[in-house]
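Novice: output the structure for:
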Amino acid sequence: MSAALLDVHELRQSFPRADGGEHLVLDGVELSLAQGQIVGLLGRTGSGKSTLLRLIAGLAQPSGGTVTYLGERVTGPAPGIAMVFQSFALFPWLTVLENVQLGLEALGLPDAEIRKRALAAIDLIGLDGYESAFPRELSGGMRQRVGFARALVVHPNILLMDEPFSALDVLTAETLRTDFLELWGDGKLPIKGVVLVTHNIEEAVLMCDRILLFSTNPGRIISEIAVDLQQPRNRLDPRFRDLVEKIYVAMTARTPTPIGTRLPTATINTVLPRVSANILAGLIETLAAAPYNGRADLPVIADELHLEVDDLFPVADALQLLRLAEIEGGDIKLTDTGKQFAEMGTDDRKRLFQRQLLNYVPLAAHIRHVLQERANHMAPKSRFFDELEDHMSAEDVELTLRAVIGWGRYAEVFAYDDDSGTFSLENPT
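Specialist: The predicted structure follows:
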């Protein structure tokens, strides 16, 4: 193996909080990229993966640690490192050719060279004939191909990809992945290494040589998994499925909760997953029915319901928090309470959910207690926002309050008027 294209050492990134403290996003990240490798960064939203890409690209400076590219420390935008974004990020008033030429114009190359390289990049990614088209005339997949061409035209050594397929429909994303892997495998891409951010476990196994799993709050690498499968890879290959299962197990083992043991207790300051009660009920009903009969393999249920990490895990986390399900070793199992919920009618479900919410989500019980103590049984959202912001980021506070508002409404524990930002014990209408 040749010397590393990229070395990330003890990288740390934090942002200031309103209370004067800091919100730690990344902590102690170690990463290397060798020539010929595709390295995947896999984790939930909030694990700092996109922040890490910006630090590698030199678009931001870390709070601590170093990023080294070809032996030189990265202190600003690094020539030889290009990025493809989740959003297409094209200039709508420019044609395909003009969008692709932008990066070369910034390099000050001769006009003839700019045009030659731009046309070659457009041809490479399969958009020959669309040079004069505007982004509005293109499908999502074609616009993302323009994004790839714009990144590749500068002939970077490293290509950073921030969820480049997530905004596309399933079939378009699969086509673009396949085309990219074929070009990469045939050595037709002018790049030496790739760092891919994704929430899709199967995508990571399909594309990557190594997968780094990230925790959240703060983002740390909790595991590294080598993918020793020849390209092209087959999703139905037992070894492929085994790797997917292994990753699910690793990602759900961060807070192990063996079935049959006491689950960890939340606190008032626990960040809550923003999942609606209807979605929770839907997964409970799915698990309770055949063929699962109360217990399912997470990869299987994700595939069946077409859910990715950021879709399935928050639902599973919420069910576990409410003691309606338990998670162990990549499996999810309904508790006895969860099974009772599945068999109940609407009113009984609400009463059961209320009991679980007040018993196991301290923030919900806290809000209700504050409302009960006040003479008018009302309190502004800001009262709880300020309290929570001492312990989590403003973004997490907003998500947490939105989650508890939704659950509280469903369980009829309290009401909330969004216009005035006020909690109450009575329906504001």
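Novice: give the next helix or strand downstream of the longest helix that the chain contains.
Specialist: In the chain, assigned by DSSP state H, the helix with the most residues is helix 394-411. Note on helix 394-411: by DSSP states H and E, the next helix or strand toward the C-terminus is strand 415-417.
Novice: can you give me the buried ones in the longest helix of the chain?
Specialist: For helix 394-411, a neighbour-count test (16 or more other Cβ atoms under 10 Å) marks 396-401, 403-408, 410-411 as buried. To be clear about C-beta, it is placed using only N, CA and C from the backbone, and glycine gets the same treatment.
Novice: again with stretch 359-372
Specialist: Within stretch 359-372, the residues scored as buried using 16+ other Cβ under 10 Å are 360, 361, 362, 363, 364, 367, 368, 370, 371.
Novice: ok now it, how far from the chain's centre?
Specialist: Put simply, stretch 359-372 sits 30 Å off its chain's centre (Cα atoms, centre = their mean, to the nearest Å).
Novice: and for stretch 141-157?
Specialist: Distance of stretch 141-157 from its chain centroid, counting by Cα atoms, centre = their mean, is 22 Å.
Novice: flag every buried residue along that stretch.
Specialist: In stretch 141-157, counting by 16+ other Cβ under 10 Å, buried: 141-154, 156-157.
Novice: go on, stretch 180-198?
Specialist: For stretch 180-198, a neighbour-count test (16+ other Cβ under 10 Å) marks 180-181, 183-184, 189-198 as buried.
Novice: ditto for stretch 372-387
Specialist: Buried residues in stretch 372-387 (16+ other Cβ under 10 Å): 377, 378, 379, 381, 384.
Novice: go on, stretch 27-44?
Specialist: 27, 29, 31-34, 37-44.
Novice: now do the contacts for residue 226.
Specialist: Taking Cβ atoms under 8 Å, 6 or more residues apart in numbering, we find residue 226 in contact with 209, 210.
Novice: if we use 6 Å, what do you get?
Specialist: residue 210 (Cβ atoms under 6 Å, 6 or more residues apart in numbering).
Novice: on that earlier part again, what helices or strands is the longest helix of the chain leaning on?
Specialist: helix 346-360, helix 362-373, helix 381-389 (3 or more Cβ pairs under 6 Å, 6 or more residues apart in numbering; DSSP states H and E).
Novice: which one of those helices lies closest to residue 284?
Specialist: For residue 284, the closest of the helices and strands packed on helix 394-411 is helix 346-360, at 9.3 Å, according to Cβ to Cβ.
Novice: give me the buried positions along that closest one.
Specialist: Judged by neighbour count using 16+ other Cβ under 10 Å, the buried positions of helix 346-360 are 349, 350, 352, 353, 354, 356, 357, 358, 360.
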